[in-house]
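In: I would like the atomic coordinates for the input below:
(2 chains)
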Amino acid sequence: MKFDTPAGTNPIDQMKVVGKPVDRIDGKLKTTGTAPYAYERHDVVKNAAYGYIVGSAIAKGRINSMNVVDAKSAPGVLAVITALDGPKLGKGNSNTANLFGGPDVEHYHQAIALVVAETFEQARAAAHLIRVDYTRTDGKYDLAVQAKSAPLKGDGSDEGSGAPPVHRVGDFEAAFAAAPVQIDQTYTTPDETHAMMEPHATIARWDGDKLTLWTSNQMIDWSRRDVAKILGIPKDNVRLVSPYIGGGFGGKLFVRADAALAAVGAKAVGRPVKVTLQRALIMNNTTHRPATIQRVRIGTDRSGKITAIAHESTSGNLPNGDLETAVSQTRLLYAGANRLVSMRLALLDLPEGNAMRAPGEAPGMMALEVAMDEAAEKLGMDPIEFRVRNDTQEDPEKPGRRFSHRNLTECLRRGADMFGWDKRMAKPGQRRDGRWLVGMGMAAGFRNNIVTKSAARVSIDAKGVVTVRTDMTDIGTGSYTIIAQTAAEVMGVPLEQVVVLLGDSDFPVAAGSGGQWGANNSTAGVYAACMKLRAAIVQKLGYDQARAEFTNGTVRAGNRSVSLGEAVGQAGLTVEDGIEYGDLDKQYQQSTFAGHFVEAGVDAATGEVRLRRMLAVCSAGRILNPKSARSQVIGAMTMGAGAALMEEAVVDKRFGFFVNHDLASYEVPVHADIPHQDVIFLDETDDKSSPMKAKGVGELGICGVGAAIANAIYNATGVRVREYPITLDKYLDRLPQVV
Amino acid sequence: MATFPELELSRRGILASGAATVAVSGLPQDDAQAAPSQTVKPVSTARVSFTVNGTPQKLELDTRTTLLDALREHLQLTGTKKGCDQGQCGACTVIVDGRRINSCLSLAVMHEGDSITTVEGLGTPDKLHPMQAAFIRHDGYQCGYCTPGQICSAVAVLDEIKANIPSHVSADLNTPARLSGDELRERMSGNICRCGAYSNIIEAISDVAGGAA
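Out: Numbering: from 1, shown residues only, chains lettered A, B, ... in the order given. Coordinates of the predicted model:
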């Protein structure tokens, strides 16, 4: 189905099932521990041996030799495969560094050996018997130092954000110089890690030259392509199965060492092999969100109208790596005639930087929306009024190109009402609640909506059971449930009569899970397949296509009616179709919007920060399931709270690695850090996005919330911290005097 | 003065202790050594008997096997999750003799005669435990990987409060432990949920406990 004109009225608009806050259909499996994750497939793979990966202990240099004598003779060991004597692997399109290093080492904890043994304990023990002789060479590990000579570079994040090396509209420098009110500040965000709860894991089994990987992966087709490339085998010989994924956040968009080395190990021992990345290896072995240094300049006239806005960002990566596209949203969020964005990429020898939840906007909004707060204060304007004054219904870089649907102002106004914004004191440091200094902060939220093709196979059997098969993944996003709701709505059957099978490369290729594009595109693909199935059923029955209705498990036209099961008979009926898009996303700018509101308490004596209340109001098209969509937003707000207050992969600038590479020392929010959270979805549809009239929402919640927290801390204390995370060592000495 | 023989390591022992030790230049290399060194020791195994979800189990295990791996790899009870294998995330939480523990931090052979309850023992898809049902109702999960640990912890937390065991945020040790949002958040903080379902999880637990948070 081609989607190239705005959606008219269609079966989704009935909203009998779609749009309802139904419980997740996979909930009973997840809550009883019966949903099978990658490392747990005792049900399909018997007699798997255990693989254990050894990571490089240097960040850059060369392996001279590896002594594996003890490891090979250790009890239970079946094979020891090293980077020096193992097969030469290719590199996936999505990988910057090789998944199997050596003799040259590209980053710390790059995989350099795999031990395969009868048991996990034996494999682990033997891995620790390998002795490696390295020659370490000097590397570049300090972004602040390398930023000074970093060249300009433009690119996209592959997840909907991006910018050219330099992009100008009007004359920024002249307009900024002439602006009566100016803000010119630099903000930094640290390296961050996904820290999904399920470590990367794979079971590999060869059947002749056919390889099956039960793995934990967000993008089945990309990864099937890359597995084939890495192993040098035809794509047709690779099957990926990933029905349940214990979180990804961008860290499982790509094939990692567990998948590549499980396949290599299984080949070597002639038996299935299972490999999980041990937690302490993950942060340096896999990808991370790169740190940024961002300069934001905003010039306004006396009325608060932005006349000049510039956002420049520098991040670092390995050779041929990508940028953190932190300036992207600044091209679209606010009006202003004179504009400048630019990006620089420094060469670093740290582990590979790559996508993490809302690459670009997540760190970009943490800078831009604090700068907006600073500008509003300088103007003496309420920060909401300042944003409303600079709201726009058209692409600020391309006058006349409108947003498909944009209701940022309503997000801010509704949020202000709900949150009691009128109680906020404009002057910081004025409100006390016992030992707490209390402040409120807000920020806009912004994230683009991406349309991308997505397909599905839909069957109906003699009992009228509808089965959807697509390689779409559910990484906690609720895909199972919203796909079932879509099929139930279109086919006119109860939700319980729909079976959804996901995450298998034997199924049609879907959008996958990334860039908050999964929900809208995958359900649109299922919609397309279901509409084709409806047409096939009506044709089979000889009904009038225009008059046929699908309700309550029957198809009827006029006074003719038959149950779906009877209509398809014993043979059943299966069709396949997908959604493809025209250029509506070029004609219109498709984005999602939010208002983030935070109340924070700061202990007047110790500086400890506690979040007291959080609210997000979202404008993101039709919400397919308000219950699971709300969870996506609060989850993103939680990750944003981590980014604002605690998360930092600390770089050892001498030896080039992330020091705090486990879940105890890389701090993520826990229960005690997060208060009750509220989310409001504006009741709206976007007919330019897809037949679903929905947009992405899973990353919107992390875009802006960190700045709202920073602004709340400023409002509480009068202390502005521009270096994330906002930990008390950065402001304790600047807190107001305790009387 | 006590001595610690395990700390008296040979140079070879030190080299062998890290999987990827950076070799120190100037010291003789033993790469060419053909015969295995004495650091390779045979596997020691032991028998252990315990009850899991009401079913007696007898296992002969490598003594290094954690309770977590005994459950997941030997008994194929994969409901209990391995998130970090180092006691930092709580995904492996199970209830042993009424108390919740991180099963990754406990060797299986330490549990002779113990009674272990995993998420599979609390309820099944057809017969959910009230806490499992509440997690579904309140969407107290997303990816589902921390969920069994959260649920086992939540069940044990309510028992801890009933048993009047204080927590870090209990204001007064002379009054009964209270069921409040702050108490639940504190007691549940050993169970990380990276999807960030905390707000919903606390509502689910409160719902089961009687709506106190």
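
In: how about the helices of chain B, start to end?
Out: Assignment of helices within chain B using DSSP state H yields the ranges B:11-17, B:67-69, B:119-122, B:130-137, B:147-162, B:181-187, B:198-209.

In: wait, what's in contact with the spatially most central residue of chain B?
Out: In chain B, the residue lying closest to the centroid (CA atoms, centre = their mean) is residue B:102, at 2.0 Å. With contact set as CB atoms under 8 Å, 6 or more residues apart in numbering or on different chains, residue B:102 has these partners: B:87, B:90, B:92-93, B:190. Where you see a C-beta, it was placed from the backbone N, CA and C, and this is true even at glycine.

In: Which member of the residues you listed is positioned nearest residue A:591?
Out: residue B:90 (37.0 Å; CB to CB).

In: what's the closest residue to the closest one other than its chain neighbours sitting at in phi/psi?
Out: Leaving aside its sequence neighbours, residue B:90 sits nearest to residue B:191 (CB to CB, 6 or more residues apart in numbering or on different chains; 3.5 Å). Main-chain torsions, residue B:191, degrees, to the nearest 10: phi -110, psi 100.

In: Contact partners for residue B:191?
Out: Residue B:191 touches A:670-671, B:89-91, B:93, B:146, B:149-150, B:153, counting by CB under 8 Å, 6+ apart.

In: Let's see that with 7 Å instead.
Out: Contacts for residue B:191 (CB atoms under 7 Å, 6 or more residues apart in numbering or on different chains) come out as B:90, B:93, B:146, B:149-150, B:153.

In: for those residues, which one is nearest chain A?
Out: Set against chain A, the nearest of those by CB to the nearest CB is residue B:146 (4.7 Å).

In: Residue A:316 touches residue A:143, doesn't it?
Out: Yes - the pair residue A:316 / residue A:143 is scored as a contact, 4.8 Å apart, by CB atoms under 7 Å.

In: Quick check: the residue of chain B nearest chain A.
Out: residue B:79 (1.9 Å).

In: Excluding sequence neighbours, find me the nearest residue to that residue.
Out: Counting by CB to CB, 6+ apart, the residue nearest residue B:79 is residue A:33, at 1.9 Å.

In: Provide a list of residues in contact with that neighbour.
Out: Residue A:33 makes contact with B:78-80, B:118-120, B:148, according to CB under 7 Å, 6+ apart.

In: can you check residue B:62 too?
Out: A:119, A:121, B:43, B:45.

In: Then residue A:564?
Out: Residues in contact with residue A:564 (CB under 7 Å, 6+ apart) are A:460, A:464, A:491, A:493, A:537, A:553-555.

In: Which pLDDT value goes with the residue of chain A most remote from its centre?
Out: Each residue of chain A has a distance to the centre, and by CA atoms, centre = their mean the biggest one is for residue A:559: 49.2 Å. For residue A:559, the pLDDT comes out at 90.

In: My guess is residue A:664 contacts residue B:88. True?
Out: Yes - contact criterion CB under 7 Å: residue A:664 and residue B:88 qualify, at 4.3 Å.

In: ok, those two, which is more surrounded?
Out: Applying other CB atoms under 10 Å in any protein chain shown to residue A:664 and residue B:88 shows that residue B:88 carries more neighbours, namely 20 against 12.

In: for chain A, which spans come out with low pLDDT?
Out: A:739 (pLDDT under 70).

In: As a check, name the ranges of all strands in chain B.
Out: For chain B, applying DSSP state E gives strands covering B:45-52, B:55-62, B:93-96, B:99-102, B:115-117.

In: Highest mean neighbour count out of the ones you listed?
Out: Burial of the strands of chain B is given as mean neighbour count (mean count of other CB atoms under 10 Å in any protein chain shown); strand B:93-96 ranks first at a mean of 24.

In: Domains in chain B, by residue range?
Out: For chain B, the structural domains run B:46-122, B:130-209, going by automatic domain parsing.

In: which one of those lies closest to residue A:175?
Out: domain B:130-209 (40.4 Å).

In: pLDDT of that closest one, averaged?
Out: Over the span of domain B:130-209, the pLDDT mean works out to 96.

In: just to revisit the earlier point, most neighbours among the contacts of residue A:33, which one?
Out: Neighbour max across the contacts of residue A:33 (other CB under 10 Å) = residue B:119, 31 neighbours.

In: per-residue confidence for that residue?
Out: So, for residue B:119, pLDDT stands at 98.

In: I'd say it and residue B:154 touch.
Out: No - with contact defined as CB under 7 Å, residue B:119 and residue B:154 do not form a contacting pair (10.8 Å).

In: how about residue A:495, phi and psi?
Out: Main-chain dihedrals, residue A:495, degrees, to the nearest 10: phi -60, psi -40.

In: excluding its backbone neighbours, what's nearest it?
Out: In space, and not counting its chain neighbours, residue A:495 is closest to residue A:488: 4.8 Å by CB to CB, 6+ apart.

In: what about that neighbour, helix or strand, and which?
Out: helix A:479-491 (DSSP states H and E).

In: Name the next helix or strand downstream of that helix, please.
Out: Past helix A:479-491, the next helix or strand by DSSP H and E is strand A:498-501.

In: name the helices or strands packed onto that next one?
Out: strand A:466-469, helix A:479-491 (3 or more CB pairs under 7 Å, 6 or more residues apart in numbering or on different chains; DSSP states H and E).

In: Paired strands for it, with orientation please.
Out: strand A:466-469 (parallel) (DSSP bridges).

In: How far off centre is the strand it pairs with?
Out: The chain centroid and the centroid of strand A:466-469 are separated by 26 Å, computed with CA atoms, centre = their mean, to the nearest Å.

In: Show residues contacting it.
Out: Residues contacting strand A:466-469 (CB under 7 Å, 6+ apart): A:456-460, A:483, A:487, A:491, A:493, A:497-501, A:507, A:526.

In: tell me which of these is nearest to residue A:185?
Out: Set against residue A:185, the nearest of the contacts of strand A:466-469 by CB to CB is residue A:483 (44.3 Å).

In: looking at it, the closest one is touching residue A:521, isn't it?
Out: No - assessed by CB under 7 Å, residue A:483 is found out of contact with residue A:521, at 11.3 Å.
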